[in-house]
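when you get a sec, could you give me coordinates for this:
(chains A and B)
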Amino acid sequence: MVQNFWYLVIISAIMAVYNLSAEEILRDNDRVAFIGNTFVERAQSYGHIESHILVASEAKNLVFRNLGWSGDSVFNDARSYFGPPSEGRERLGKAISEMRPNVVMICYGTGAAMSINQQWTNEQNAVTSVIGAGLESDLDVFISGYRQLIDNIRNSAGKDLREIILITPPPLENLGPPLPDQVENNKNLAAFSKAIVKLARENNYKTIDLFSAIGHSGEVAEPALTENGIHYGDAGYQMIANHIITGLKLPAERIAKSDYSKFTQLRSEIVEKNRLFFHRWRPANETYLFLFRKHEQGNNAKEIPMFDPLIKEREATINEIRTKIQNPSKPA
Amino acid sequence: MTPINFFNRLYPVRSWTVPCTVIIVAVVSGLATAQNGLRDIPSTDVKDQAAGFKLPEGAKINIFAAEPLLKKPVHMNWDTQGRLWVVSSPLYPHIAPGQEEIDQVIILEDTDGDGTADKSTVFADHLHIPTAVLPGDGGAYVANSTEMLFLKDTDGDGKADHRRVVQSGFGTEDTHHLLHTFRWGPEGMIWMNQSIYIHSHLETPYGIRRLLGGGMWSFRPETHRAEVFMKGLINPWGHVFDKYGQSFMTDGAGSEGINFVYPKSVFRTSPGASRFLSGLNPGQPKHCGAEVLSGAHLPEEYIGTIAAADFRGHRVNRFKVTENGTSAYTSTQVEDLVSCTHRAFRPIDVKMGPDGAVYIADWYNPIIQHGEVDFRDERRDHEHGRIWRVTFEDRPLDKKADLSKMNEESLAKLAGPVGWNEQMATVELRMREKDAALAGIKSAWKTEGDSDLKKLHLIQASQATNQFRKDWAVDLAINSKSPQVRAGAIRAIYYHASETTAAKEVAEKAVKDPHPRVRLWGVSLLSELPYPDTVQTALCALEGIEEPDDFLDFAVWNICREHDYKWLSAAESGNPFETPAQLLYAMSAVNTKTGSASLFSALKNGKFASQKDISDLCEWAARSASPDQLDVLFSKAKEKDTADAQKSIILASLANAAKLRRTKPKSDLDSVTDFLKSKNNAIFEQAALLAGYWKISSARTDLEKAFLGKDAFRANAALAGLRVFGGAQTGEFLSQLARNPKAPISQRTRAITGLSKFSPAAAARIAAASLPTFQDTAAAGEVFAAFLSNNNATTHLTNALSAKGVTLPEPVALAGIQKASGAATKPDALIKAIQKAGSLKPMKMALTAEEMEAMMNAVATTGDPHRGEIVYRRASLQCMVCHAIGGAGGIIGPDLVSIGSSAPVDYLIESLLEPGKKIKEGYHTTLVTLKNGDTFAGAVAREDKNEIVIRDAAGNENRIAKNQIKNQTISPVSLMPPGLTLQLREDEFIDLVRFLSELGKEGDFKTTATTYIRSWQVLQPHERTRDDIGFYGKKIFGEDDKTYQWTKLYAKVDGHLPVNEMPSVVGRGRNRYGVARFEFKAPSNTKLKLKIEGKTKDMNLFLNEQEIELPENGNAAQLDIPVKPGDHRITISGLKGWGLDQFRVAVVDAGKADLQ
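Here you go, the predicted model:
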């Protein structure tokens, strides 16, 4: 990775955006939860963000759990399965209370900002305020939902929760026809990002302003970082990972200096750990395992916690590789 | 081995007859040797499976591929080179901790063209329960649990090395419901479906799209536009386009055969829906996959029929879909393509092949499902899987087009929705350079000018390359002579509605089209248009439509709702529509008060006065009318000239207004007592309710009199009235009766149940004191049921029965247990109290593993399915009240038409003993608890924002105002009450299980493609036939005498109606008759061809009152019956006791008549 000149240029550019101070936000033994929609969920199968943090941070024994869910809203629509969004909030609350995170990194906004005037949530009190009501109304609903979401997270996490970090959504790209023009949506997303930063400031949460950091000209990056104008691919997540570590006050140079093959190995172990955790916290067949048909096949739910030791095993491997990367001189 | 008499343990309070114990001993001793048979695992040898096939004449079947070339195929599709892509999932139903994601995409090839695959390539692995694969765009789209992937081989080694997530956010709540059934549409979109438990949330470049529950998506890869096309169905595992591009779907758990779907159509089980459409074949088997049969290899009669795999019944059914003059179609089941006696043959997909043969994917499993059979059940097969190939002897195979060598013009000429070459030409065209593709399409347009159908296909081809020719489509939609082509062209425009300027003109013309289907598509197109008067235009589509057309009506109803913002504000100051009826239609659709002022002024001016107008208005008024408006209706009911039927409709509307919204007319409420004097039962019933809701003291005497009277209907109606009346006086009246040991039992029962509603503590004490004296266990059951319908009352009864010294006789206690253990509220405390008071040991319904094996063996060895069918048909067992077999029977529970071929025997036994343990999807009980503690359990029949309608186990619909609901849950209790089989002897139980286990298997208990009349009405004994048959003769049976009472009777599985199950109608002298009839409609002059089977000498047949002669001798008669337009009935009387034991009626050809 050291060889990559452009990579260093990008990193320097990123570092210029953030006002870096020395103190690292993460601490030893931190459990970090990622919460959000499609953007967060898909990060788990790339592993860039976690691997970047692990290599750049000095905090020991970090544990990451990706609680992202595609198509989710601040009201937790996508997590609700058979019920209203409130059941989605319960499901998220339960996952958080089991995990007891010290740090939560939250990213919402893309779906709502792209659905101005459409019904982007089924939350009962919000529906009439979002259909055909315009940006301002959508934004109000979004921010009040966001507050409620954070309250839910705080209440579920308990006293161990130390840091709440709000990440603004990455900008959209215009890839040209036949894909639709995203200039308007990007303007909306800018307004959402601004409101998120304001929300954070008012409540003393930290922010990582991805939207501003990446830029929002609506132009196509070369090569395009998204696959359809909204969803980032491998290169995109790698770039985003650098923004994230910079936002966490971590030195990005460590990434560039690390051993490429070990780094890749670390990343693939992270992806595998995430895959196992996916089957653990959001298994298929929930209807039979935990919901209204559990009286039929609920006995199979006993298998689900059996993923825990497998996840632990992977994390041990991840830590071993991490140590090797961070201390290249020491023999294993 | 010690013999165990498990039935004695099972039902501790009943004793069994001696022969049963003898059977048990015999059964259990044979256990050790019968192990394999009990497991019911057939031989996995391909030859053994092949030996089980039954094929139509001239057809043959060969194995195309089997393990090790593939395992567990879930879905398949061809690529343009003629290679078969299959997703294979040994992981299903659930990944185990530590297990790798081992599922694969496999490509099968027949390189030497001998009809069997000789090459299998793993294109992709590390997949997690993939449920669909669709080659195209240089790779393949794969459904992989929460994600839709695009996989591509970029280096030409035959394996995917590029993996991209195309969409994520699909639900995985159930792994046989996952995103599935990918298919390229003729317009170049990917069509994909999801099932009932799946909730999907997609972030698209056009905004968030959510689909909760079952339904179908369309997705265009190049634009990333994903849209929900239709909603509902349970397991919509099949979807085909006909040659005009119309969509038909099959359902693997619904039982309505082929479903005609169109934009925004909604079918059963879609969450929150207040209206559902039906499939075209109610009561048909359930299907996975669908394909339109095509090509020159297949014999003519197969072409155009839809093949659908009945994986439960080990067969592939076929359906013929025909026009019937409405916006939808008639679908008729025809001869099966293939069936198999091998129990692991599980056809789950059917596709035409490049050689014109039919390919069938066989998932291969002795058991199916994982909701009802354990995830880890060891009988579950994870190793096998087959593709079968059906061809016809002496018919040349079709030639696969060499698509890669064809130029764009030739591809365009070939492209179309039906046929292997035609569909693949579309897929190939998508991969060509865009300008060249369009040039090719344009050249083809010039030469194909005389065929409107070909023009339609070229329009679709232009869409397939994402270069839609709007001008062509608009021209064809307006000017084509073929209604099917006009409809197809409008569908093409539908996807591009907002960017097609002429769309408005097309829609305005279409809603007045002579063909209802064109109207349907016109309304669909309107629903996508922004113009302010779309609803006004859409309502024209219903003008001049004489025959009921639910599909068209649904579309219009839906646009009234979807576009309500366009007309609601105009309706505040007047009627925005042409007629008051249109206004009411729109108002009813959205359930609004807005517009009612102009409606009632039209009513006053006499401009809105037909019977239908008033009935429609009443339906609306119940939900929305103001007190003033209810006043107007009440006055109408009081008018002398108003017909009785109309009166009862108005009164019912007033009663519902009182019940749902506590709203009543402003004046003259006391005059409701006049209606209590009516001879008409329906009027009395509603008036009694109104007297109660309105608390009319002067009505009390009439109600009490009716309560004490002999007429049970009126007594129950009076009770319902008194119950809502409430108050101390009612309480006093009821409690005196309840306490009176001399009062008839029916009165006491009514009194106690009534009292339980508003004085539950007192009622409970009386019940505890009087239940011990009940001889009639049915009456005791009613008392328990009344207390169980309210949580508060349940608690009081529990307390009263727990008091010292309360004892219940065994039969009463049993009746109580049966009601309580079937209650959705799970009243454990009450069950304990009844057990204690009745000194019952806790009932053990579950069998041990050993007992279960013995029972299964008994079913296999001694069970007699024919005797079992007689048990099944017993009225006391109530099976037919809730369940149908092939559409004949109740609709509360699942249709059992192929239960035997899909469910293992242990599952059947368990379901009979413990109905709540495994519940079929779509049949869960919703439990609604009101703020006053009342509970309603059943299926959600429909709901909107103000109201929910719960259909209970008896089929009654309860309308509930949502603002009275405290909570609503899905209860883990089945609608099927436990203990129904308690009354059976063990041999009867075994016969019953055997009968169920034979349903759908090859043999006597499989419904055939022949249509028999299955739902009959039978005549109850009546004084008129006794007194007047001597004068009028047997034609008296065919009369439409309104005082005749007809009850339902369903045919046996083989279509026969047993004469001894029919009520004995007295004839001349000692003659006794069974009389049965069925009704039907004819839209125009037509001919009905029936085959009557039975001893014709003892039968008489009438079309309405006209006798149609049957032959003097013989056992069958073929009749050609000309019928005129209108409603008709055919009545058959059979002389009992002279050798006529049963008869059946086969419909050879229904002509245009509607027999459903």
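
so what's the closest residue to B:H370 other than its chain neighbours up against?
Excluding its sequence neighbours, the residue lying closest to B:H370 (C-beta to C-beta, 6 or more residues apart in numbering or on different chains) is B:P93, at 3.5 Å. The C-beta positions use only the backbone N, C-alpha and C, and glycine is treated the same way. By C-beta atoms under 8 Å, 6 or more residues apart in numbering or on different chains, the residues touching B:P93 are A:285, B:175-176, B:370, B:375, B:380.

just those: which has the poorest pLDDT?
The lowest pLDDT within the contacts of B:P93 belongs to B:H370, with 86.

list the contacts of the residue in chain A positioned nearest to chain B.
Closest residue of chain A to chain B, C-beta to the nearest C-beta: A:G71 (2.7 Å). Contact analysis of A:G71 by C-beta under 8 Å, 6+ apart lists A:37-38, A:77-78, A:111, B:168-169, B:200-203, B:208, B:210.

which single one of those residues is nearest to B:G1094?
Relative to B:G1094, the closest of those is B:S200; by C-beta to C-beta it sits at 53.1 Å.

secondary structure element holding that closest one?
Element membership of B:S200 [criterion: DSSP states H and E] is strand B:199-204.

helix or strand right after that strand?
Sequence order places strand B:207-212 as the next helix or strand after strand B:199-204, per DSSP H and E.

what's the average pLDDT for the very next helix or strand once past that following strand?
Using DSSP H and E, the helix or strand that follows strand B:207-212 in sequence is strand B:215-220. Averaging pLDDT along strand B:215-220 gives 98.

and stretch B:557-567, by the same measure?
Mean pLDDT, computed over stretch B:557-567, is 96.

so what's the gap between that stretch and the chain middle?
A distance of 27 Å separates the centroid of the chain from that of stretch B:557-567, by C-alpha atoms, centre = their mean, to the nearest Å.

again with stretch B:711-726
Relative to the centre of its chain, stretch B:711-726 is centred 34 Å away, using C-alpha atoms, centre = their mean.

check stretch B:757-774 too.
Mean-position distance between stretch B:757-774 and its chain equals 40 Å (C-alpha atoms, centre = their mean).

using CSV, write out every CA atom in it.
Only the C-alpha atoms of stretch B:757-774 are listed here, as CSV (Å, rounded to 0.1, in the frame of the first residue of the first chain):
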residue,chain,number,x,y,z
LYS,B,757,-71.8,-9.7,29.2
PHE,B,758,-72.6,-7.0,31.7
SER,B,759,-72.8,-8.6,35.1
PRO,B,760,-70.1,-11.2,34.8
ALA,B,761,-69.5,-11.8,38.6
ALA,B,762,-73.2,-12.6,39.2
ALA,B,763,-73.4,-14.6,36.0
ALA,B,764,-70.3,-16.6,37.0
ARG,B,765,-71.8,-17.5,40.4
ILE,B,766,-75.0,-18.6,38.7
ALA,B,767,-73.1,-20.6,36.1
ALA,B,768,-71.1,-22.4,38.8
ALA,B,769,-74.3,-23.2,40.6
SER,B,770,-76.3,-24.4,37.6
LEU,B,771,-73.7,-26.0,35.3
PRO,B,772,-73.6,-29.1,37.5
THR,B,773,-77.3,-29.7,36.6
PHE,B,774,-76.8,-29.4,32.8
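
dump the residue contacts of the nearest residue to B:R225 once chain neighbours are set aside.
Distances taken as C-beta to C-beta, 6+ apart place B:Y206 nearest to B:R225, at 5.8 Å, with adjacent residues excluded. For B:Y206, the contacting residues are A:114, A:180, B:224-225, by C-beta under 8 Å, 6+ apart.

filter the residues you listed down to just the ones in helices.
Residues of the contacts of B:Y206 located in helices (DSSP state H): none.

tell me the two of those that are most distant?
Largest pairwise distance in these, by C-beta to C-beta, is 12.8 Å, between A:M114 and B:R225.

what do those two both touch?
By C-beta under 8 Å, 6+ apart, A:M114 and B:R225 have these common neighbours: B:205-206.

okay, these two: which has more neighbours?
A direct count of neighbours by other C-beta atoms under 10 Å in any protein chain shown for A:M114 and B:R225 places A:M114 higher, at 27 against 18.

low-confidence stretches in the stretch 101-250 of chain A?
Of all residues in the stretch 101-250 of chain A, those with pLDDT under 70 make up the ranges A:216-219.

what ranges do the strands span in it?
Listed in chain order, the strands of the stretch 101-250 of chain A (DSSP state E, counting those that start in this stretch) span A:103-107, A:163-167, A:206-208.

mind checking the SS state of residue 316?
Picked chain A for this. Following DSSP: H, G, I helix; E, B strand; the rest coil, the label given to A:A316 is helix.

quick check: residues of the stretch 1-150 of chain A near chain B?
Selection of the stretch 1-150 of chain A residues close to chain B by C-beta under 8 Å from any C-beta of the partner chain yields A:37-38, A:41-42, A:45, A:69-73, A:77-78, A:80-82, A:110-112, A:114-115, A:118, A:120, A:122, A:132.

just the buried residues of those.
Among the residues of the stretch 1-150 of chain A next to chain B, those classed as buried by 16 or more other C-beta atoms under 10 Å in any protein chain shown are A:37-38, A:41-42, A:45, A:69-73, A:77-78, A:80-82, A:110-112, A:114-115, A:120, A:122.

run a quick neighbour tally on the residue in the stretch 601-750 of chain B that chain A sits nearest to.
Here the stretch 601-750 of chain B gets closest to chain A at one residue, B:S624, 19.7 Å apart by C-beta to the nearest C-beta. Neighbours of B:S624 under the rule other C-beta under 10 Å: 21.

what do you get for the one 4 residues further on?
Summarising burial for B:D628: neighbours were counted as other C-beta under 10 Å, giving 12.

that older thread, looking at the contacts of B:Y206, which is nearest B:A307?
Taking those together and measuring to B:A307 by C-beta to C-beta, the closest member is B:R225, at 30.9 Å.

got the residues of the stretch 551-700 of chain B near chain A?
B:Y565.

all helices for the stretch 551-700 of chain B, in order.
Remark: helices assigned in the stretch 551-700 of chain B by DSSP state H, counting those that start in this stretch are B:564-571, B:580-590, B:596-604, B:611-624, B:627-638, B:644-661, B:672-676, B:681-694, B:700-708.

from the chain's centroid, how far away is the shortest one?
Relative to the centre of its chain, helix B:672-676 is centred 41 Å away, using C-alpha atoms, centre = their mean.

can you point out the buried residues in that helix?
Buried residues in helix B:672-676, counted by 16+ other C-beta under 10 Å: B:672-673, B:675-676.

B:D125 and B:K159: what is the separation?
B:D125 is 9 Å from B:K159, where distance means C-beta to C-beta, to the nearest Å.

B:S802 now?
Taking C-beta to C-beta, one finds B:S802 at 71 Å from B:K159.

check B:L651 too.
Separation of B:L651 from B:K159 (C-beta to C-beta) stands at 73 Å.

the more surrounded of those two?
Shown here are B:L651 and B:K159; by other C-beta under 10 Å, B:L651 has more neighbours (26 against 15).
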